[in-house]
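Colleague: Sequence and predicted structure, then a few things I'm wondering about:
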Amino acid sequence: MMQFLPGDTAMRIAAGRYGPDGITIEIAKNVRNEIGLDRPLFQQYYDSLIRLVNLDLGYSLVSGEKVIDELKVQLGYSLYLAFYAFFFSIIIAIPIGIYTGSKQNGIADNLSQFVSVSIRALPPFILGLILIIIFSVYLNILPTAGFEDWTYMILPALTLSLGMAAVSSRLTRDSMISVVSSSYYSYGRYKGLDNKTLIKRHGIKNAAIPIISFLGLQSIYLIEGVVVVETVFAFPGIGHALLHAVIARDIPMIQGSILTMGILFVLINILADVLNAYLDPRIGEKNAKR
């Protein structure tokens, strides 16, 4: 796909290395020969697959550093950001979802639905800019961009987590309504259990099963959002690096970044499946019968 983008890839890479003022046709030609862009596309693709089998992601065409070494640093920042985003989304969505699910069609439920739809309708970069204007420009209590300490993590993590929590809170609410209307929940009421005990014993665990499945799917939003949010906040993670690699046509860096994101997506969904099997023993029994 990178090969079919308009413009000269060798010229872009040379501009990334030497700056736009230091480019000549001769330099671009040398870069093209050096990185093998003069070879057939199939040969380039075959060589990259051979390197991948040998766990060699190659070297950045711009910086000259090993792709795997750069990804180690960038991935650490992105995982740090993703962890906080997941954490924030859970502590926001789960309590709201449980409360509104147990108070169906009340004022809190309707208000929660309005806020969730409004936040989810906003693209991450718009939401990020709104948070920057509020907390960095007007209130001046949080840094705008970059990364120096934990305070630089708050706004990008909050931007990602609000979009995730907007959907997770409604799913938690619907799941909680399903639990509240179930026969075992009604039986608990007949036994004289109060609402708090019912939610603790029967509500949370049973409502968590579809929520965890959805959190696995939320990893798609998280991975997509990381690219946008890290760019908005100039956060030094893998998403920010991917965008710069696309602009600079740094093909090995793009391949390594996308491969890493794909592996993360698979691992998150495997973890979600394992947690579901733990919470719902029926899943393990079905798989055993197969």
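Modeller: Sure, I can see it. Worth saying up front: this structure is predicted, and the values here are computed from it rather than measured.

Colleague: Look up phi and psi at the nearest residue to Asp174 once chain neighbours are set aside.
Modeller: Nearest residue to Asp174 in three dimensions, chain neighbours excluded: Gly101, at 7.1 Å (CB to CB, 6 or more residues apart in numbering). From N, CA and C alone the C-beta is placed, and that goes for glycine too. Note on Gly101: its backbone torsions stand at phi -70, psi -30 [degrees, to the nearest 10].

Colleague: Give me the distance between Gly101 and Leu275.
Modeller: Per CB to CB, to the nearest Å, Gly101 is found 20 Å from Leu275.

Colleague: Contacts made by stretch 232-241 with the rest, please.
Modeller: Contacts of stretch 232-241 with the rest of the structure, by CB atoms under 8 Å, 6 or more residues apart in numbering, involve 70-71, 73-75, 77-78, 81, 124-125, 128-129, 132, 144-147, 152, 155-156, 159, 226-231, 253, 257, 260-261.

Colleague: Buried ones in that stretch, by neighbour count?
Modeller: For stretch 232-241, burial by neighbour count (16 or more other CB atoms under 10 Å) applies to 232-233, 235-241.

Colleague: same question for it, mean pLDDT?
Modeller: Stretch 232-241 carries an average pLDDT of 85.

Colleague: what does stretch 92-100 give?
Modeller: Mean predicted confidence for stretch 92-100 is 81.

Colleague: Could you do stretch 172-185 as well?
Modeller: Confidence for stretch 172-185, expressed as mean pLDDT, is 70.

Colleague: just stretch 59-69 next, same as before
Modeller: Rounded mean pLDDT across stretch 59-69 is 82.

Colleague: can you offset everything so residue one is 43?
Modeller: Yep, numbering from 43; the last one is stretch 101-111 now.

Colleague: Pull the residues that contact that stretch.
Modeller: Stretch 101-111 has contacts (CB under 8 Å, 6+ apart) with 55, 58-59, 73, 77, 98-100, 112, 287, 290-295, 297-298.

Colleague: Now which of those would you call buried?
Modeller: The neighbour-count test (16+ other CB under 10 Å) marks 55, 58-59, 73, 77, 99-100, 112, 287, 290-295, 297-298 as buried among the contacts of stretch 101-111.

Colleague: Tell me which of Gly143 and Leu317 has more neighbours.
Modeller: Gly143 (25 against 16; other CB atoms under 10 Å).

Colleague: From what I see, that one and Leu213 are in contact.
Modeller: No. The criterion here is CB atoms under 8 Å, and Gly143 misses it with Leu213 at 9.9 Å.

Colleague: So, low pLDDT: which residues of the chain?
Modeller: For the chain, the stretches with pLDDT under 70 are 49, 62-64, 221-259, 261-263, 321-332.
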